[in-house]
Every structure is written in C-alpha cells, then in structure tokens.
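the sequence and its predicted three-dimensional model are supplied below.
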Amino acid sequence: MSAVFEIEHRLRPMAEADLPRIHRIELASYEYPWSQGNFADSLQAGYSMWVREAGGEIIGYYVMMAAAGEAHLLNLTIAPSWRRHGLGRDLLEHCLARACDHKASSMFLEVRISNDAAIGLYHGSGFVDLAVRRGYYPARGGREDALIMKKELAC
C-alpha cells in the first residue's frame, strides 16, 4: 500500500471556508490560476464542488457544472506534493459518479494542449478528443489551445 493512503482520506463537499486553502493549491499548481472569486462564484452558482482531504489537509478538489443532461468539468486539481499517486483518477471517478447523480449522459472538459499528464488521465478514463479550441488559455507570450474532450456516461 502506498504511504499516501496510510493517512486517513475523505471526500466532502467544498465549503466557503475552504477557499483560501484551495486558492493556495491553485496558485502552486498553475501559472494562470483561477481566482478565489472564481471558486466563490462557482459555489454561489450551486456547482458540484468537492474536496479531498488527507489528515485534515485539503489535497485536491474539483468543480463540475451539470445541466440539461450534460456535465462540464471546470477544474480538477491535486496539490503538487500529492501528485502521481492515482489521486487525480480517484477524484475524477468521484466527479463522474456525481455527474450521474445529476442525470448527465455525457461529460465535457477543456485541457491545455501542453498538459500531457491530464490528457493521459482523461484518455485513460475513457474521454475522447472532440476538437481543439484555438487560443483558449492565457499563456506566456500569447494564448494556448485547449483540447475539448468528451466522455459518454453509462449511469
């Protein structure tokens, strides 16, 4: 068993009090992170937002919007020191199950073309490439394309 799982883990809905800790992970994870306001707005909108804790520390989270039979994964992040242990895959599986709870028949997401680790995770979880959205993300020296991916859900 991995030492990562020797610490008690739990998943729970995200709360407003979590936002400062989540934002610190976001800042450590991305050159162009979501703002704390983006997370607050998503909570206010009623999106499905969950955190993963280990030993009382938030180590990952996701934000998913579900409506009209579809789900859209907006953000899925594991804290840098906790990566490469299957936690992202576990969090994604939880997100897919919550999409089914919302009666979604498919899930969509965008991912930076340069994010090979995330693309591998999504392909390994059954997502397929749909299209490329040109200049979707801010990037050093301009903009970066996003790969649009989709997974049909068998709920």
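Yep, it's here. Computed from a prediction, not measured in an experiment: that's the story for all the values here.

what about this protein, any weak spots by pLDDT?
1-6 (pLDDT under 70).

can you give me the helices in it?
Ranges of helices in the chain, per DSSP state H, are 19-29, 36-45, 87-101, 116-124.

could I get the buried residue list for the longest one?
The reference is to helix 87-101. Buried residues in helix 87-101, defined by neighbour count with 16 or more other C-beta atoms under 10 Å: 87-88, 90-92, 94-96, 98-99. Every residue, glycine included, has its C-beta placed from N, CA and C.

repeat for the first one
Along helix 19-29, these residues count as buried under the neighbour rule (16+ other C-beta under 10 Å): 19, 21-23, 25-26.

can you add distance to residue 66 and give those residues back as TSV?
Conversion of these to TSV gives the following (distance: C-beta to C-beta, whole Å):
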residue	distance to residue 66
19	21
21	25
22	20
23	23
25	23
26	22
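
among the residues you listed, which one sits closest to residue 119?
residue 26 (19.8 Å; C-beta to C-beta).

what's the closest non-adjacent residue to the closest one?
Counting by C-beta to C-beta, 6 or more residues apart in numbering, residue 26 lies nearest to residue 33, which is 4.1 Å off, once chain neighbours are set aside.

surely the one you found is in contact with residue 27?
Yes. Shown here, residue 33 and residue 27 form a contact pair, counting by C-beta atoms under 8 Å, at 5.3 Å.

quick one: stretch 12-30 to chain centroid distance?
With C-alpha atoms, centre = their mean, to the nearest Å as the basis, stretch 12-30 stands 12 Å off its chain's centre.

quick one, strands of this protein?
Applying DSSP state E to the chain gives strands spanning 9-13, 48-54, 57-67, 70-78, 106-112, 128-139, 142-152.

may I have the fifth one exported as CSV, CA atoms only?
So the one you mean is strand 106-112. Taking Å, rounded to 0.1, in the frame of the first residue of the first chain, the C-alpha atoms of strand 106-112 are listed here in CSV:
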residue,chain,number,x,y,z
SER,A,106,-22.0,12.9,-21.0
MET,A,107,-19.2,15.0,-19.6
PHE,A,108,-17.1,17.6,-21.4
LEU,A,109,-13.9,19.3,-20.4
GLU,A,110,-11.1,21.5,-21.8
VAL,A,111,-7.5,20.9,-21.1
ARG,A,112,-4.3,22.7,-22.2
